[in-house]
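> Sequence first, predicted coordinates after that:
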2 protein chains.
Amino acid sequence: MTKTPDSAVRSYIDQHRAAFLDDLASWLRIPSVSADPARSGEVRRSAEWLAEKLRETGFPVAEIWETGSASGDEGRGLPAVFAEWPSGEPDAPTVLVYGHHDVQPAAREDGWATEPFEPVVADGRMYGRGAADDKGQVFFHTLGVRAHLAATGRTAPAVNLKLLIEGEEESGSPHFAALVRRHADRLACDAVIVSDTGMWAEDTPTVCTGMRGLADCQIDLYGPDQDIHSGSFGGAVPNPATEAARLAAALHDADRRVAVPGFYDGVVELTERERELFAELPFDEAEWLRVARSHGTLGEAGHTTLERIWARPTAEVNGIWGGYTGPGGKTIVPSSAHLKLSFRLVAGQEVEKVREAVRDWVAERLPAGIRHEIVFPGATRPCLTPLDHPALRSLVRSMGRAFGQEVRFTREGGSGPAADLQDVLGVPVLFLGISVPSDGWHSVNEKVELDLLLKGVETSAYLWSDLAGSWTPGEDAR
Amino acid sequence: MTKTPDSAVRSYIDQHRAAFLDDLASWLRIPSVSADPARSGEVRRSAEWLAEKLRETGFPVAEIWETGSASGDEGRGLPAVFAEWPSGEPDAPTVLVYGHHDVQPAAREDGWATEPFEPVVADGRMYGRGAADDKGQVFFHTLGVRAHLAATGRTAPAVNLKLLIEGEEESGSPHFAALVRRHADRLACDAVIVSDTGMWAEDTPTVCTGMRGLADCQIDLYGPDQDIHSGSFGGAVPNPATEAARLAAALHDADRRVAVPGFYDGVVELTERERELFAELPFDEAEWLRVARSHGTLGEAGHTTLERIWARPTAEVNGIWGGYTGPGGKTIVPSSAHLKLSFRLVAGQEVEKVREAVRDWVAERLPAGIRHEIVFPGATRPCLTPLDHPALRSLVRSMGRAFGQEVRFTREGGSGPAADLQDVLGVPVLFLGISVPSDGWHSVNEKVELDLLLKGVETSAYLWSDLAGSWTPGEDAR
């Protein structure tokens, strides 16, 4: 019987599975909590451990990249790891894998059944902080590329393979965009593969095709120079708390569409095919509400819950405050009131245009006697991979081979540093993630399903050959 | 030359002016700060001082009334003073004067030019805490009734005169309604005269003809069981901060009328004559805005600023809060949000009906998935004296004689314990106040204008004869 490439990959994985899991467990023992300054040494140790492991894997280049300073020589940030393995083929596409090696804080007393930094394998799972988010998902690429070489007989990957593994993702990636800009030449690629997301469910392999962008703002409204008596003045002067409420209320119309003029300009609407694909997913709204801890659904008319969170731009009141908030009553017209709003953006929306629309909308709605300030602290652009992109088709094909199942499509409602890679490097971003909702990201008893982890290895093993064989970068429209 | 009653009153006042001011200064030296538990003894000393002074004045009954317990024998509250001087005439009306002997806190270091409890006479004014609010305005009645007797040759007032001088007004009158209910028999009267308000200006004597009522509430809105991620769930679940804002925004329509259905039911509208009287007042909107520390006017369409604050019911957002209010951003759908609202009420509105209207309005406006609670901690009813009430005409006539000027009409936008007297005793409330806006109530360098103080004495001296001669209680409609 001829050995198919798939069975060669599977054999290789089977042979190396035990060592692979041991290695992952070693990495999980390093408590690389980026949010804890006392553990910055552990984040560095994690970076060094990974760089060494990538060299062992065969990457000819595996470097620690400092962050947080313009020079790049010495940073106040936490280190990233960059690795590179050229294909040797003149026309091979270049692919950059993104992930992160830092983890969320965790302590046994938070409610963990086992020590979070002492990984335990049980019931086909590996428990430990970082098992799914994101060390496990970074690490499957190491065995994946080895399996790819073993099955193809190559000595270098079929694509020019680069890895950029960040050390500050769980702290909001404060230096990531600068890092990418500084090293844009070395990071140059034809596509980014982000391995820091998840799938629909254990039995429903999916590929994420986009993330929403984000623009947030704070609006400060000022009325009287101090809180004034509502008996003496109420009903005759503008009240900034009322005006803050009127702004927040006017964010949405009766159909819960965002009512800021111009907000939807340029929005890439869902195609009928995309809506069908969403609708085919086995979505259980009651279960979704349970996870959301919400007691009802509410959103833009004419769209399903999945469309609302994945593919529609939204506006949210994250915070509102003004006036007296203590016990009992205080009959005042408050001096000031404040709003924190955030807008999730989808492909086609430009951050600067949205900001301008919000600025104009606020200025036009406020009455005389209310002064306002508005600041937009940050923004992340949306990203979206077209369903017919050849690299996406290649990814879906590879995942389908690994899972032996049809692969469906999801999106992410949230926003992430993937957009920085897309924007700075000017390439499409694809998502290869094998985590599932029960994995406990940012929560207690984080785990990874070992079967899925090995499907990730297998997908990675198929992907580089498939990409090299089916995609000529430059022939696709972004 | 025949001595007119007016010249007799004026001569008497001139003769006793110095002793009267000395006595007032003695009273002002007692720091009867009801808000300061350390000074509760001073509040008691102030009550005892006043009771003794009323006995000296001629009141056959002058008692300390304890507050804060149902028995009335021993209170945890601060004492009031009750005094009574029967007329002796069988058909004489009975009048109850209301004021208070407690004062706001004051300390030299707050910015006073002189010691607040060491009164100083300078430039025709007496400076000291309580000079205007309210000891001076209570005290003018003592010399007033003596001048009334001297000018008429009577040995008892022409009306049955009662005084109730509270000791907790500056602490929110927590025991006042109970006190009035407990002593309703002894407080029985045909009209209440409140001497705890002010006039338009030194050169514009005015009588206040009403105060607005007040109903306040807190509305708590609950959405998800905890703050949830706005990327994962935003735009698809109800947001309690958005709903709180939508409620607050829906309080007013585009004309800034209160949009709660039924809110205006029963409202006694201003007559054309009342609107004319308001419009005749020398109102300087720029100066009013300066005092309000507001940078614009805004209120119910079709009404002037004075109409809005004095005679129109209003709704005000006193506080709003929900979600993240710290530095930076937090992309959440908040778990809860809260509103503190207050409604100023005018004659014809019933507190319970307004509460019911607000309850219904809130319940109808909230989407599924938002749970709410609403509480109404307290309420004060509005009061309004009809312009053609004979007692009011008598008061205006007496004040006109004292000031030698036409007396105009104002109202108070605020709400006060006067409403308790009106409601429990079932009689009209009139306002005889001689304070002016520059008197510094609750502020530093509180003072009373001595000329105005003596006009108060003179008004009081004329009032009892005028009332007895021109009013037969029971013949007026309330």
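Thanks, I have it.

> Please name the nearest non-neighbouring residue to A:R246.
Distance criterion Cβ to Cβ, 6 or more residues apart in numbering or on different chains; nearest residue to A:R246, sequence neighbours excluded, is B:A249 at 4.2 Å. (C-beta placed from N, C-alpha, C; glycine too.)

> what number of residues lie near that neighbour?
Using other Cβ atoms under 10 Å in any protein chain shown, B:A249 has 19 neighbouring residues.

> Look at it and tell me its secondary structure.
What DSSP: H, G, I helix; E, B strand; the rest coil gives for B:A249 is helix.

> Check the spacing between it and B:P261 real quick.
Applying Cβ to Cβ, to the nearest Å, the value for B:A249 to B:P261 is 16 Å.

> and if you look at A:H389?
Noted for A:H389: a distance of 55 Å to B:P261, by Cβ to Cβ.

> Then A:V61?
In this structure, A:V61 and B:P261 are 72 Å apart, going by Cβ to Cβ.

> Can you list the neighbours in contact with the longest helix seen in chain A?
In chain A, assigned by DSSP state H, the helix with the most residues is helix A:5-28. The contact list for helix A:5-28, computed with Cβ atoms under 8 Å, 6 or more residues apart in numbering or on different chains, reads A:3, A:46, A:49-50, A:53, A:101, A:117, A:119, A:121, A:126, A:128-131, A:135-136, A:139, A:142-143, A:146-148, A:150-152, A:401, A:450, A:454, A:457-458, A:461-462, A:465.

> on that earlier part again, just want to know which of A:V61 and B:P261 has more residues nearby.
The neighbour comparison of A:V61 against B:P261 (other Cβ under 10 Å) goes to A:V61, with 15 against 11.

> for the closest residue to the more buried one other than its chain neighbours, what are its contacts?
Closest residue to A:V61 apart from its sequence neighbours, by Cβ to Cβ, 6+ apart: A:E84 at 4.1 Å. Contacts for A:E84 were tallied using Cβ under 8 Å, 6+ apart; they are A:F59, A:P60, A:V61, A:A62, A:N160, A:L161, A:K162, A:L163, A:R186.

> Now do the same for the most centrally placed residue in chain A: its pLDDT.
Closest residue to the average C-alpha location of chain A: A:G416 at 3.8 Å, with Cα atoms, centre = their mean. On pLDDT, A:G416 comes in at 82.

> Tally up the residues packed near the closest residue to it other than its chain neighbours, please.
Using Cβ to Cβ, 6+ apart and skipping the chain neighbours, the partner closest in space to A:G416 is A:M211 (5.7 Å). For A:M211, the neighbour count with other Cβ under 10 Å is 31.

> Tell me what A:M211 is bridged to.
When bridges are called by DSSP bridges, A:M211 pairs up with A:C383, A:E412.

> show me the contacts for it.
A:M211 sits in contact with A:P382, A:C383, A:R411, A:E412, A:G413, A:G414, A:S415, A:G416, A:A418, A:A419, where contact means Cβ under 8 Å, 6+ apart.

> quick one: is the host helix or strand of the last one near chain B?
A:A419 is located in helix A:418-425, with elements delineated by DSSP states H and E. No. With Cβ under 8 Å from any Cβ of the partner chain as the criterion, chain B is not reached by helix A:418-425; the gap is at least 12.5 Å.

> what's that helix packed up against?
Other helices and strands packing on helix A:418-425, by 3 or more Cβ pairs under 8 Å, 6 or more residues apart in numbering or on different chains; DSSP states H and E, are strand A:94-100, helix A:176-182, helix A:184-187, strand A:191-194, strand A:383-384, strand A:429-431.

> so after the fifth one, what's the next helix or strand?
Counting by DSSP H and E, the next helix or strand C-terminal to strand A:383-384 is helix A:390-403.

> For that next one, name the packing helices and strands.
By 3+ Cβ pairs under 8 Å, 6+ apart, helix A:390-403 packs against strand A:206-211, strand A:429-431, helix A:450-470.

> Tell me which of those sits nearest to B:R182.
Across the helices and strands packed on helix A:390-403, B:R182 has its closest neighbour in strand A:206-211 (68.9 Å, Cβ to Cβ).

> What segments of chain A are helices?
Assigned helices in chain A, in chain order: A:5-28, A:40-57, A:135-152, A:176-182, A:184-187, A:230-233, A:240-250, A:272-280, A:285-292, A:305-310, A:351-365, A:390-403, A:418-425, A:450-470 (criterion: DSSP H).

> mind checking pLDDT for the closest residue to A:W471 other than its chain neighbours?
Nearest non-adjacent residue to A:W471, counting by Cβ to Cβ, 6+ apart: A:P390, 4.3 Å away. A:P390 is assigned 94 on the pLDDT scale.

> count of residues packed around A:P390?
Around A:P390 there are 18 other residues, counting by other Cβ under 10 Å.

> just checking, it touches A:G474?
No. Using Cβ atoms under 8 Å, A:P390 is not in contact with A:G474, being 10.8 Å away.

> Is it possible to get CSV of the helices and strands packed on helix A:418-425 that adds mean pLDDT, mean neighbour count and distance to B:L366?
What follows is those, written out as CSV (pLDDT from 0 to 100; neighbours: other Cβ atoms under 10 Å in any protein chain shown; distance: least, Cβ to Cβ, whole Å):
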stretch, mean pLDDT, mean neighbour count, distance to B:L366
strand A:94-100, 98, 25, 41
helix A:176-182, 95, 20, 41
helix A:184-187, 98, 14, 50
strand A:191-194, 96, 25, 39
strand A:383-384, 92, 24, 35
strand A:429-431, 95, 26, 38
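
> Redo those as TSV? Include distance to B:V444.
Compiled in TSV, these are given as follows (distance: least, Cβ to Cβ, whole Å):
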stretch	distance to B:V444
strand A:94-100	59
helix A:176-182	54
helix A:184-187	64
strand A:191-194	64
strand A:383-384	61
strand A:429-431	64
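
> Among these, which comes closest to A:Q405?
Minimum separation from A:Q405 across the helices and strands packed on helix A:418-425 (Cβ to Cβ) falls at strand A:429-431, 17.5 Å.

> Leaving out sequence neighbours, find the closest residue to A:A468.
The shortest distance from A:A468 to any non-neighbouring residue, by Cβ to Cβ, 6+ apart, is to A:A158 (3.7 Å).
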